[in-house]
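Asker: compute the structure for the input listed below.
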Amino acid sequence: MTFDHDRSSVDGQTAFVVGAGSGIGRGTALLLARHGMRVACVDRDGGPVSDLAGQIIAGGGEAIGQAADVTAPDSVQRAFAMTVAEFGQVHAVVNCAGIQGPMGRRSHEVDLAEFDAAVAVNLRGALVVSQAALPHLVEHGYGRIAHVASIAGKEGNPSMIGYSASKAGLIGLVKAMAKEYAADGITINALAPAVIRTAFLDEQPQQVIDYMTAKIPMGRVGTIEEVAEMINFMVSPACSFTTGFCFDASGGRATY
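Answerer: I've put the predicted structure just below:
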């Protein structure tokens, strides 16, 4: 019996990972590098991604760290162009950039400037990242784009109107954009994590964590590694007949 090449492998490919300075973005960059990808680690703060790139290189991988802000399109365009200059073809784009926005207030109390800031990063920023990459992906007739959304975009989290609305908009953006590029060899998908064990969660009171965990049938929060493994599939050649979809990483909280 003979077996075909492992289509889930990303070995030898290049990923452009935005929001790699911490949390899910950092964990994803590390996992993709362990699986053999060259990784451009991008974040608003260049310090952490430079350190991350150094860590990947010290472990035998290939990486660069670059500063770029998704609210400044020119900076993202430059970072992507530098990635192409360094590594050649980019195969995968992972966008983990996001902010919480206004929290703990009912909608009529929310400051519009704070709401606009959440939309600028979580929704408009996703379009900025996509626009930087899509001409290159179309040119090569191949690409994988994964945007990290949230369970809040599916179900809405009370007292998080900016975050919920912007992540819901991101899911809609992915669905529309995916249809536009489906015939170009490019898949564009979203991922909706529920509560994930990150530094942000560590800062929350235990009663808040208990409240959020109670909504998850598995009875626990997720890990960065679990989310990163999902993203690894989403940006692999194996994800070839799924586009415009919002994958679930919520321990059973969302099943649609």
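
Asker: longest helix anywhere in the chain?
Answerer: Ranked by residue count under DSSP state H, the longest helix found in the chain is helix 161-181.

Asker: next SSE downstream of that one?
Answerer: Where DSSP states H and E defines the elements, the next helix or strand beyond helix 161-181 is strand 186-193.

Asker: and that next one with helix 161-181, angle?
Answerer: Counting by axes from the mean of the first three to the mean of the last three C-alpha atoms, to 10 degrees, strand 186-193 lies at 160 degrees to helix 161-181.

Asker: quick one: strands adjacent to strand 186-193?
Answerer: strand 143-148 (parallel), strand 246-249 (parallel) (DSSP bridges).

Asker: now find how far off-centre the shortest one is within its chain.
Answerer: Okay, so that is strand 246-249. Put simply, strand 246-249 sits 12 Å off its chain's centre (C-alpha atoms, centre = their mean, to the nearest Å).

Asker: can you check stretch 227-244 too?
Answerer: The answer for stretch 227-244 is 12 Å, by C-alpha atoms, centre = their mean.

Asker: what residues sit buried inside it?
Answerer: 227-239, 243-244 (16 or more other C-beta atoms under 10 Å). For every residue, glycine as well, the C-beta is placed using N, CA and C.

Asker: what residues does stretch 175-189 touch?
Answerer: The contact list for stretch 175-189, computed with C-beta atoms under 8 Å, 6 or more residues apart in numbering, reads 130, 134, 137-138, 140-147, 174, 234, 239-240, 242-247.

Asker: the stretch 1-150 of the chain: strands as residue ranges?
Answerer: Taking DSSP state E, counting those that start in this stretch to define them, one finds strands in the stretch 1-150 of the chain at 14-18, 38-43, 63-67, 92-95, 143-148.

Asker: shaky segments in the stretch 51-200 of the chain?
Answerer: For the stretch 51-200 of the chain, no stretch is flagged by pLDDT under 70.

Asker: of all the strands paired with strand 186-193, which lies closest to L112?
Answerer: Between L112 and those, the tightest spacing by C-beta to C-beta is seen for strand 143-148, at 24.6 Å.

Asker: just the residues contacting that closest one, thanks.
Answerer: With contacts defined as C-beta under 8 Å, 6+ apart, strand 143-148 is touched by 19, 24-25, 90-96, 98, 126, 129-130, 133-134, 136-137, 170, 173-174, 181, 184-191, 193, 227, 231, 234-236, 239.
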